[in-house]
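> Got a predicted structure plus its sequence, pasted below:
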Amino acid sequence: MAHPMIAPSILSADFARLAEEAAAVAGSDWLHVDVMDAHFVPNLTLGLPVVQSLLKATDIPLDCHLMIENPGRWAPAYAEAGAYNVTIHAEATDDPIAVARDIRAAGAKAGLSVKPGTPIEPYLEILKEFDTLLVMSVEPGFGGQSFMAEVLGKARAVRKLVDSGELTLVVEIDGGINADTVEAAAEAGVDCFVAGSAVYGAADPAEAVRKLRAQAASASPHLTLAV
Ligand SMILES: O=C(CO)[C@@H](O)[C@H](O)COP(=O)(O)O
Ligand SMILES: [Fe+2]
């Protein structure tokens with residue numbers, strides 16, 4: 001049985017100390033990197049040069065969440081740089097399959113993300129082109145927002161397809177994950193939990209990761225703690 005994956009989001013870290021902030025969550029499964037362009041979302045964060053530096057500073061696989069317009073222009077470069085998983089937004093492109101194929105050809109896992117108001121049904125057919133589905137449980141753009149439980153139906157629907165063998169996919173959730181919400185997400189069949197403020201706002205970020213993982217395992221029908 002797989003274990004719950006925890007992906008701390010460096011959006012809530014100190015951007016002047018990113019190497020230390022990555023070290024502070026040693027033992028995490030992925031390090032989640034929110035790339036925002038001030039067009040697809042009303043916020044601006046970091047881009048490829050920072051990701052290239054971060055790749056030299058940590059061994060934790062990077063999970064790059066591209067909240068940008070025209071992801072086909074940029075996503076392959078994140079894969080070529082060495083990101084482990086590169087996720088694009090369904091709402092940002094007319095040709096998600098082409099972008100997914102380019103990401104995979106450049107050596108990374110490909111992820112598809114959907115905003116809270118975006119239904120999953122129109123995308124079920126193309127999920128075989130992806131390795132990760134990132135269900136947004138807040139409106140993308142900012143950390144520290146409240147979890148939207150109504151998106152969990154999307155995780156449940158895709159979990160069923162994974163459990164029946166129709167899809168091979170990591171189901172990931174992003175936004176408002178903390179000690180009060182992680183169990184509901186786990187119960188819905190999520191595999192990977194992004195957490196920004198709940199990890200970097202904690203006195204001991206590595207301990208916060210361990211606690212979230214244990215809580216997720218306790219509530220998940222399909223995940224357990226590694227022995
Ligand atoms: O992509 C985003 C926000 O757009 C997230 O990755 C946030 O960084 C999560 O932060 P918390 O909600 O966990 O504080
Ligand atoms: Fe994110």
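Nice, I can see it. Ligands and ions are numbered 1, 2, ... in the order given.
> count of residues packed around residue 150?
Neighbours of residue 150 under the rule other C-beta atoms under 10 Å: 10. (Each C-beta comes from the backbone N, C-alpha and C, glycine too.)
> How about residue 138?
19.
> ok, the residue lying closest to it once chain neighbours are set aside - contacts?
In space, and not counting its chain neighbours, residue 138 is closest to residue 175: 3.1 Å by C-beta to C-beta, 6 or more residues apart in numbering. Contacts for residue 175 (C-beta atoms under 8 Å, 6 or more residues apart in numbering) come out as 136, 137, 138, 139, 140, 145, 147, 148, 194.
> Was I right to think the fifth one contacts residue 118?
No - Residue 140 is not in contact with residue 118 according to C-beta atoms under 8 Å; the separation is 10.7 Å.
> okay but residue 112 is in contact with residue 97, surely?
No - in this structure residue 112 lies outside contact range of residue 97 using C-beta under 8 Å: 9.8 Å.
> burial of the closest residue to residue 23 other than its chain neighbours, as a residue count?
Counting by C-beta to C-beta, 6+ apart, residue 23 lies nearest to residue 58, which is 7.1 Å off, once chain neighbours are set aside. Using other C-beta under 10 Å, residue 58 is surrounded by 18 other residues.
> What separation is there between residue 58 and ligand 1?
Going from residue 58 to ligand 1 by C-beta to the nearest ligand atom, to the nearest Å gives 17 Å.
> Could you tell me the phi and psi values at that residue?
phi -150, psi 150 (degrees, to the nearest 10).
> roughly how far apart are it and residue 202?
As judged by C-beta to C-beta, to the nearest Å, residue 58 and residue 202 stand 19 Å apart.
> re earlier: would you mind listing the residues in contact with the residue nearest to residue 23?
19, 22, 23, 31.
> hmm, 10 Å instead?
10, 18, 19, 21, 22, 23, 25, 26, 28, 31 (C-beta atoms under 10 Å, 6 or more residues apart in numbering).
> Going by distance to residue 81, which of the residues you listed wins?
residue 31 (13.9 Å; C-beta to C-beta).
> Isn't the closest one up against residue 62?
Yes - contact status for residue 31 versus residue 62: in contact at 5.5 Å, counting by C-beta atoms under 10 Å.
> Identify the contacts common to these two.
With C-beta under 10 Å, 6+ apart, residue 31 and residue 62 have common neighbours 7, 10, 22, 54, 55, 83, 84.
> can you tell me which of those are in strands?
residue 7 (DSSP state E).
> so how far is ligand 2 from residue 121?
23 Å (C-beta to the ion, to the nearest Å).
> same thing with residue 103?
Residue 103 sits 16 Å away from ligand 2, going by C-beta to the ion.
> For the residue nearest to that residue when sequence neighbours are not counted, which three-state class applies?
What sits nearest to residue 103 in space, not counting adjacent residues and going by C-beta to C-beta, 6+ apart, is residue 110, at 4.1 Å. Here residue 110 is recorded as strand under DSSP: H, G, I helix; E, B strand; the rest coil.
> Can you name the residues of this structure that neighbour ligand 2?
Residues of the chain lying close to ligand 2 (C-beta under 5 Å from the ion) are 34, 65, 174.
> would you say the second one is within a strand?
Read it as residue 65. Yes - applying three-state DSSP, one finds residue 65 inside a strand.
> Contact partners for the residue nearest to residue 103?
Per C-beta under 10 Å, 6+ apart, neighbours of residue 110: 75, 79, 85-88, 96-97, 99-104, 129-132.
> From those, which land in strands?
Using DSSP E, those in strands are 85, 86, 87, 88, 132.
> how about the residues of the protein that lie near ligand 1?
Taking C-beta under 6 Å from any ligand atom, the part of the chain that reaches ligand 1 is made up of 9, 11-12, 32, 34, 65, 138, 140-145, 174-177, 194-198.
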